[in-house]
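with the input below, show me the fold.
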Amino acid sequence: MVKKLLGRRSSSTVMILWRPMTLARHAVRRTAAVQAIPALPRQCTPVFAVRAFSASANGPGGQSSPPRGTPPGPAGPFNLPAAVLFIATGVGLYYYFRHEKARLAEAKKQQLEREQQSVGRPRIGGPFDLVSSTGHPFTNEDLLGSFSLIYFGFTNCPDICPEELDKMSTVVDDVAREHGHVINPVFVTCDPARDRVPVVAEYIADFHPRMVGLTGSYDDIKKACKGYRVYFSTPPGADPTSDYLVDHSIFFYLMDPEGRFVDAFGKASTAEDVREKVLDYVARWKQSGLPLSEANAKVKAASDGRPLSTKKELFSEPSTLPSIPPAVQPAAEERLV
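The predicted model follows:
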């Protein structure tokens with residue numbers, strides 16, 4: 001038993017003495033190996049050193065792994081802040097150009113108004129409430145959005161009214177060939193006692209398919225004529241069933257899409273004269289960027305769902321009662337000459 005213990009102790013002693021000697025020999029060998037490697041320039045890095053650094057700095061697959069707790073960086077040049085800036089810039093430019101377009105349109109509109117006022121044009125036009133040849137109520141607002149040429153006359157006129165309506169229809173077609181249907185031709189009777197809805201509808205059919213024919217009660221016609229500075233006179237005590245003439249102003253009026261007076265054309269104006277002026281007005285309106293809709297007032301009044309007029313007397317045959325007051329004459333300063 002004692003020998004076994006002595007034998008184990010002696011083995012441990014040998015191991016303790018042998019291990020330092022072995023480590024010393026390995027150190028000598030490594031030193032000799034390093035000394036055998038040729039010296040490299042200072043600026044060069046040994047390949048094994050680069051590889052050792054890469055292997056220690058990169059994660060699996062050779063990709064760099066950021067330290068723990070570091071927030072992820074941008075994925076590329078188009079990141080979230082850049083996207084927000086891009087969208088904000090686009091929205092800003094959109095509203096800027098939209099504002100500039102509206103400002104320029106308003107400036108051109110004011111310029112047109114100044115030009116119209118500079119030549120001393122009278123205030124002509126205004127609200128009216130009449131009945132169209134289709135039997136539907138029709139007001140001045142139904143003409144907004146497009147230009148209008150408005151003529152006041154009567155269906156029993158032997159020569160002047162047909163000539164003026166032919167001239168007006170020619171101008172409407174000429175302008176339509178260049179700018180499309182942007183003018184509503186309008187006929188307003190000055191003889192409401194005889195010109196009922198069916199009579200007006202039959203009369204205007206001979207001139208233009210888009211023509212709006214308007215009639216109404218005596219008071220409504222009187223109000224419209226006064227607004228447009230139109231003079232008309234019926235013979236005193238005239239019988240609506242008889243044949244008589246109505247004296248009236250011979251003008252048709254050009255109104256812009258906002259219902260404002262632009263120009264008036266008398267009997268001396270030829271179709272060519274009227275066409276050139278109207279073409280110029282329409283072209284200038286378009287160049288200003290102001291809105292301009294298709295002229296379809298006649299169709300719109302008959303198809304937008306509005307009920308027929310309740311003024312039944314406008315649909316019946318003229319009675320034998322004398323027509324009401326013989327004349328409507330504006331003050332001298334309101335006349336167009």
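
doesn't residue 104 belong to a helix?
Yes: assessed with DSSP: H, G, I helix; E, B strand; the rest coil, residue 104 lies in a helix.

residues contacting it?
residue 289 (Cβ atoms under 8 Å, 6 or more residues apart in numbering). (Glycine included, C-beta is placed from N, CA and C.)

the helices in the stretch 101-250 of the chain, which residues?
160-179, 197-204, 218-227 (DSSP state H, counting those that start in this stretch).

and of those helices, who's closest to residue 317?
Taking Cβ to Cβ, helix 197-204 is the member of the helices of the stretch 101-250 of the chain nearest to residue 317, at 8.8 Å.

give the buried residues for the closest one.
197, 199-200, 203-204 (16 or more other Cβ atoms under 10 Å).

any idea which of those is closest to residue 190?
residue 200 (11.7 Å).

and stretch 274-288, what's buried?
Those would be 274-275, 277-278, 281-282, 285, 288, for stretch 274-288 by 16+ other Cβ under 10 Å.

just checking, residue 181 touches residue 293?
No: with contact defined as Cβ atoms under 8 Å, residue 181 does not reach residue 293; the gap is 9.7 Å.

start and end of stretch 232-249, how far apart?
Stretch 232-249 has an end-to-end distance of 7 Å (Cα to Cα, to the nearest Å).

check the separation of the first and last residues in stretch 217-234.
Span of stretch 217-234 from end to end, Cα to Cα: 15 Å.

quick one: least confident helix or strand in the protein?
helix 47-57 (a mean of 45; mean pLDDT, DSSP states H and E).

so how far is residue 169 from the closest residue to residue 144 other than its chain neighbours?
Take residue 144 and drop its neighbours on the chain: the residue closest to it by Cβ to Cβ, 6 or more residues apart in numbering is residue 259, 5.6 Å away. To residue 169, residue 259 is 22 Å away according to Cβ to Cβ, to the nearest Å.

dump the helices of the stretch 101-250 of the chain into JSON lines; add mean pLDDT and distance to residue 301 as well.
As requested, those are exported to JSON lines (pLDDT from 0 to 100; distance: least, Cβ to Cβ, whole Å):
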{"stretch": "helix 160-179", "mean pLDDT": "96", "distance to residue 301": "18"}
{"stretch": "helix 197-204", "mean pLDDT": "96", "distance to residue 301": "12"}
{"stretch": "helix 218-227", "mean pLDDT": "94", "distance to residue 301": "16"}
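
and of the ones you listed, who's closest to residue 125?
helix 218-227 (6.0 Å).

which secondary structure elements does that closest one contact?
strand 129-132, strand 183-189, strand 327-328 (3 or more Cβ pairs under 8 Å, 6 or more residues apart in numbering; DSSP states H and E).

let's see it at 7 Å
strand 129-132, strand 327-328 (3 or more Cβ pairs under 7 Å, 6 or more residues apart in numbering; DSSP states H and E).

by mean pLDDT, show me the worst of those strands.
Mean pLDDT across the helices and strands packed on helix 218-227 is lowest at strand 327-328; the value there is a mean of 52.

just to revisit the earlier point, of residue 259 and residue 169, give the one with the bigger neighbour count.
residue 169 (20 against 15; other Cβ atoms under 10 Å).

OK, contacts around that one?
By Cβ atoms under 7 Å, 6 or more residues apart in numbering, the contact set of residue 169 is 185, 207-208.

ok so, going back, which of residue 181 and residue 293 has more neighbours?
Neighbour totals were compared for residue 181 and residue 293, and residue 181 leads with 15 against 12 (other Cβ under 10 Å).

what's the pLDDT at that one?
At residue 181, pLDDT is 96.

please apply the same query to residue 13.
pLDDT, read off for residue 13, is 48.

what about the residue nearest to residue 144, distance to residue 158?
Taking Cβ to Cβ, one finds residue 259 at 32 Å from residue 158.

repeat that for residue 125.
Counting by Cβ to Cβ, the gap from residue 125 to residue 158 is 28 Å.

okay, the two: which has more neighbours?
More neighbours surround residue 125 than the other of residue 125 and residue 158, with 21 against 7 (other Cβ under 10 Å).

for the closest residue to that one other than its chain neighbours, list each beta-bridge partner.
Leaving aside its sequence neighbours, residue 125 sits nearest to residue 261 (Cβ to Cβ, 6+ apart; 5.2 Å). When assigned by DSSP bridges, residue 261 has beta-bridge partners residue 255.
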